[in-house]
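**Q** Fold the following for me, if possible:
(4 chains)
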4 protein chains.
Amino acid sequence: MSHDFKKDALKRILIVQGHLEKVKKMLEDDSYCPDVIHQSRAVQAALKKVDEIVLHGHLHTCVLKNVHGDDSEKMVGEIVELFKKS
Amino acid sequence: MSHDFKKDALKRILIVQGHLEKVKKMLEDDSYCPDVIHQSRAVQAALKKVDEIVLHGHLHTCVLKNVHGDDSEKMVGEIVELFKKS
Amino acid sequence: MSHDFKKDALKRILIVQGHLEKVKKMLEDDSYCPDVIHQSRAVQAALKKVDEIVLHGHLHTCVLKNVHGDDSEKMVGEIVELFKKS
Amino acid sequence: MSHDFKKDALKRILIVQGHLEKVKKMLEDDSYCPDVIHQSRAVQAALKKVDEIVLHGHLHTCVLKNVHGDDSEKMVGEIVELFKKS
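**A** Coordinates of the predicted model:
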């Protein structure tokens, strides 16, 4: 994965860690349950955005460059697999 | 998309249509609500499986063959977009 | 489930059936794969909306009325279960 | 939310924080992209489990006890809203 994708993904992970710390604090402080769940959902959505960046980097850096190599079938299978579980 | 992927996807769509008809009948018959939702979820999961087959066919047939063409960036963007909304 | 929820859910199922028929036609006509997947996703989102209506009707009609009965624990478990699989 | 639900949710958040730290490390170490995404998905699934526990606690502690109060409609709406975004 190129440097730009990696830098962007890492920056977002740091933000996600901050938001997750907030979920923990809300639980400790007995915040209203639906508010806790909304905050947790925001963390999940932010992680999903990280996944997209990593996938984008993967398609650019690995897949486009090796697509006629021996691994092309394997890579197609991996992408479908990622899609399946999302 | 090659003939095999298309045939498999179409066969599954027919099954999905049958299951959706059952959701409709359960609603008409006042079935227990959680049971209706479970049946509707099964339809959604079956459609997600169709999406995987179509994506698989797309990667095989379009992406692997045009990956060094002018459309490669566009196709990478489309795949990330599909991933995002799943 | 009250008449209004049921009527709304059934009306939407008919629309979903029309959209699903369009997915089938797009597959038969060899439409561009990402377009097929987008249309299939629209069907899934429309079914998710039906699920919400059915859940709403269920909470109103069954849960609020039986919440102190013997089934209250069972109903709480069912709701968590529905949430889990969504 | 009762003490047991809270304790369980907090214990899991600590584990999630550990797994998220691992995602960060995998990114820093240039791990294979699909592996990073799988690890990130595991974090999201673990957070979804926390959401279920919090919802379960909420239904038990708040909803069942206030269901005939003025807030019952508001609470039903909140649950449907949580369901919608999941």
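**Q** the helices in chain A, which residues?
**A** Taking DSSP state H, the helices of chain A run over residues A:3-28, A:33-58, A:64-66, A:72-85.
**Q** For chain A, which element, helix or strand, carries the lowest mean pLDDT?
**A** For chain A, counting by mean pLDDT, DSSP states H and E, helix A:64-66 ranks last in confidence among helices and strands (a mean of 70).
**Q** got the residues of chain A near chain B?
**A** For chain A, the residues in contact with chain B (CB under 8 Å from any CB of the partner chain) are A:48, A:51-52, A:55-56, A:59-60, A:63-64, A:67-68, A:72, A:76, A:79-80, A:82-84, A:86. C-beta coordinates here come from the backbone N, C-alpha and C atoms, glycine included.
**Q** Buried ones from those residues, can you make that a PyMOL selection?
**A** The following PyMOL line selects those of these that are buried, judged by 16 or more other CB atoms under 10 Å in any protein chain shown:
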select buried, chain A and resi 48+51+52+55+56+59+60+63+64+67+72+76+79+80+82+83+86
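**Q** Would you mind listing what in chain A touches chain D?
**A** A:1, A:6, A:9-10, A:13-14, A:16-17, A:20-21, A:23-24, A:27-28, A:30, A:33-34, A:36-38, A:40-41, A:43-44, A:47-48, A:50-51, A:54-55, A:57-58, A:62, A:78, A:81-82, A:85-86.
**Q** Out of those residues, which end up buried?
**A** Burial by neighbour count, 16+ other CB under 10 Å: within the residues of chain A next to chain D this picks out A:1, A:6, A:9, A:13, A:16, A:20, A:23-24, A:27, A:33-34, A:36-38, A:40-41, A:43-44, A:47-48, A:50-51, A:54-55, A:57-58, A:62, A:78, A:82, A:86.
**Q** Pick out the shakiest of the helices of chain A, pLDDT-wise.
**A** Lowest mean pLDDT of those: helix A:64-66, a mean of 70.
**Q** Next up, the contacts around the closest residue to A:F5 other than its chain neighbours.
**A** Leaving aside its sequence neighbours, A:F5 sits nearest to A:G57 (CB to CB, 6 or more residues apart in numbering or on different chains; 3.2 Å). A:G57 makes contact with A:M1, A:S2, A:F5, A:K6, A:A9, D:C33, according to CB atoms under 8 Å, 6 or more residues apart in numbering or on different chains.
**Q** again with A:S40
**A** Counting by CB under 8 Å, 6+ apart, A:S40 makes contact with A:V23, D:L47, D:V50, D:D51, D:V54.
**Q** Now with 7 Å, please.
**A** A:V23, D:L47, D:V50, D:D51 (CB atoms under 7 Å, 6 or more residues apart in numbering or on different chains).
**Q** do you know how far the third one is from chain C?
**A** To tie it back to what came earlier, the one meant is D:V50. 12 Å (CB to the nearest CB, to the nearest Å).
**Q** Equivalent analysis for A:V76, please.
**A** From A:V76 to chain C the distance is 13 Å (CB to the nearest CB).
**Q** pretty sure that residue is touching B:H60, no?
**A** Yes. In this structure, A:V76 is within contact of B:H60 by CB atoms under 7 Å, at 6.4 Å.
**Q** Check the separation of the first and last residues in stretch A:59-75.
**A** 9 Å (CA to CA, to the nearest Å).
**Q** So for A:L10, what's the nearest residue that isn't a sequence neighbour?
**A** Counting by CB to CB, 6+ apart, A:L10 lies nearest to D:L27, which is 5.4 Å off, once chain neighbours are set aside.
**Q** Check A:V80 too.
**A** In space, A:V80 comes closest to B:H56 once its chain neighbours are excluded; the distance is 5.0 Å by CB to CB, 6+ apart.
**Q** pretty sure the one you found is in contact with B:K6, am I right?
**A** No. Contact criterion CB under 7 Å: B:H56 and B:K6 do not qualify, at 11.4 Å.
**Q** What is the burial count for A:Q39?
**A** Neighbour count for A:Q39, taken as other CB atoms under 10 Å in any protein chain shown: 18.
**Q** tell me the contacts of the residue lying closest to it once chain neighbours are set aside?
**A** Leaving aside its sequence neighbours, A:Q39 sits nearest to A:V23 (CB to CB, 6+ apart; 5.0 Å). For A:V23, the contacting residues are A:V36, A:Q39, A:S40, A:V43, D:I13, by CB under 7 Å, 6+ apart.
**Q** how about a cut-off of 10 Å?
**A** By CB atoms under 10 Å, 6 or more residues apart in numbering or on different chains, the residues touching A:V23 are A:31, A:36-43, D:9-10, D:13, D:16-17, D:47, D:50-51, D:54.
**Q** before we move on, what about A:A9?
**A** Taking CB under 10 Å, 6+ apart as the test, what A:A9 contacts is A:1, A:49-54, A:56-57, D:23-24, D:27-28, D:33, D:36, D:40.
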